[in-house]
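Colleague: next input, structure requested:
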Amino acid sequence: MDTRQTADRHTPVLLERCLDLLAPAVEHDGAVIVDATVGMGGHAEGVLRRFGTARVVGIDRDRQAVALATERLAGFGDRFTAVHATYDRIADVLADLGLDAVDAVLMDLGVSSLQLDEPERGFSYAHDAPLDMRMDPETDLTAAQVLATYDEAALAGVLRDYGEERFARRIAARVVATRGAVPLVRTGQLVDLLREAIPAASCRTGGHPAKRTFQALRIEVNGELDVLARALPLAVDQLALGGRIVVESYHSLEDRLVKRTFAAAASSSAPRGLPVEPVESAPYLRLVTHGALRADEAEVAANPRSASVRVRAAERTAATPPARRPAGAS
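Modeller: This next block holds a predicted model:
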């Protein structure tokens, strides 16, 4: 495996900004950082190079990503450990490694460069390929199966809720009408269908007509928002006091979940007006970023995939009150 090629094909988004946000929690000997979406290892490599005694646990649901990151970071020896898992299993992963708490968690959400850049995975509307979109090819559900088996109402709901697609009902109706005669099994077929279903004026002004539908199908196939909703509170619960969590989101649905989770943990859950705040209602996070950080023009020019990124960070300030611990926490 050519590790130089791996590094060349992946430019980590806002790497230095993320490292700066992590630094106060990990600039000590033996810090442990979880890269919950390790991908091809770009962010993990940055952490290992900048923080010379840190250990990184890299999690990914894609076995190919785990293999690439492992090969790329082999020179760091036992300072890097890769684990094949979805990141909502973070508590189990750390328990299996004998780790009670970590100093930081980094999440770089959404589809990875590896998945986008390999046409046969079916994530990109720029290339004709099988309608797959599985981040973990060992799972069962594919985008083709969603299009073939969901009824019109369910399909419209996926496109509306996960793609924020204005024309969800029109697209769903066209899919159902088309699949009765011709199975939709290729990305090129779907792109052609979308160009026909979406009004021409919207195609001219709203970006590529397939963008929102492809996003919606990918999220549905991989259960991305469900995994994220489970993972965020579990990740916070793994942080040592003073530990930090940094999350990079790429669309409003992800960012909204991150914002709400952080805000809830950074706020009291007690009713207003109580003379004394109950311990079980106390906040246990401090917001490090107020609002989401965005890439500047120079970063976008250097790495176009950073154009939509939103970065939020928070710091653990207290133990999670028992009444507020997430399900599945140890």
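Colleague: name the residue most distant from the centre of the protein?
Modeller: For the chain, the largest distance from the centre (C-alpha atoms, centre = their mean) belongs to Pro275, which lies 40.2 Å off.
Colleague: mind checking the SS state of that residue?
Modeller: coil (DSSP: H, G, I helix; E, B strand; the rest coil).
Colleague: do Arg286 as well
Modeller: Arg286 falls in the strand class when you classify it by three-state DSSP.
Colleague: I'd guessed it sits against Ala313; true?
Modeller: No - contact criterion C-beta atoms under 8 Å: Arg286 and Ala313 do not qualify, at 9.8 Å. Where C-beta positions appear, they are placed from N, C-alpha and C, glycine not excepted.
Colleague: neighbour count winner among those two?
Modeller: Between Arg286 and Ala313, counting by other C-beta atoms under 10 Å, Ala313 is the more crowded of the two (25 against 16).
Colleague: need the CA coordinates for stretch 183-195. CSV is fine.
Modeller: Taking Å, rounded to 0.1, in the frame of the first residue of the first chain, the C-alpha atoms of stretch 183-195 are listed here in CSV:
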residue,chain,number,x,y,z
PRO,A,183,-34.7,-1.0,-12.0
LEU,A,184,-32.6,1.9,-10.7
VAL,A,185,-29.2,0.4,-10.0
ARG,A,186,-26.7,3.0,-11.3
THR,A,187,-25.9,6.5,-10.2
GLY,A,188,-26.1,7.8,-13.8
GLN,A,189,-29.7,6.6,-14.0
LEU,A,190,-30.6,8.4,-10.8
VAL,A,191,-28.9,11.6,-12.0
ASP,A,192,-30.8,11.5,-15.3
LEU,A,193,-34.1,11.0,-13.4
LEU,A,194,-33.4,13.9,-11.1
ARG,A,195,-32.7,16.2,-14.0
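Colleague: which residues touch stretch 270-278?
Modeller: With C-beta atoms under 8 Å, 6 or more residues apart in numbering as the test, stretch 270-278 has contacts from 268, 281.
Colleague: got the contact list for the closest residue to Glu27 other than its chain neighbours?
Modeller: Setting aside the residues directly before and after it, Glu27 is nearest to Phe51 in space (C-beta to C-beta, 6 or more residues apart in numbering), at 6.6 Å. Contact partners of Phe51, counting by C-beta under 8 Å, 6+ apart, are 23, 26-27, 31, 33.
Colleague: mind checking which of those residues are in strands?
Modeller: Among those, the members falling in strands (DSSP state E) are Ile33.
Colleague: most neighbours out of the contacts of Phe51, which is it?
Modeller: Ranked by neighbours (other C-beta under 10 Å), these are led by Ile33, which has 26 neighbours.
Colleague: what pLDDT does that residue get?
Modeller: Note for Ile33: predicted pLDDT of 98.
Colleague: and the closest residue to it other than its chain neighbours, which of the three is it?
Modeller: Setting aside the residues directly before and after it, Ile33 is nearest to Ala104 in space (C-beta to C-beta, 6+ apart), at 4.5 Å. Following three-state DSSP, Ala104 is assigned to strand.
Colleague: roughly how far does Ala104 sit from Ser249?
Modeller: 17 Å (C-beta to C-beta, to the nearest Å).
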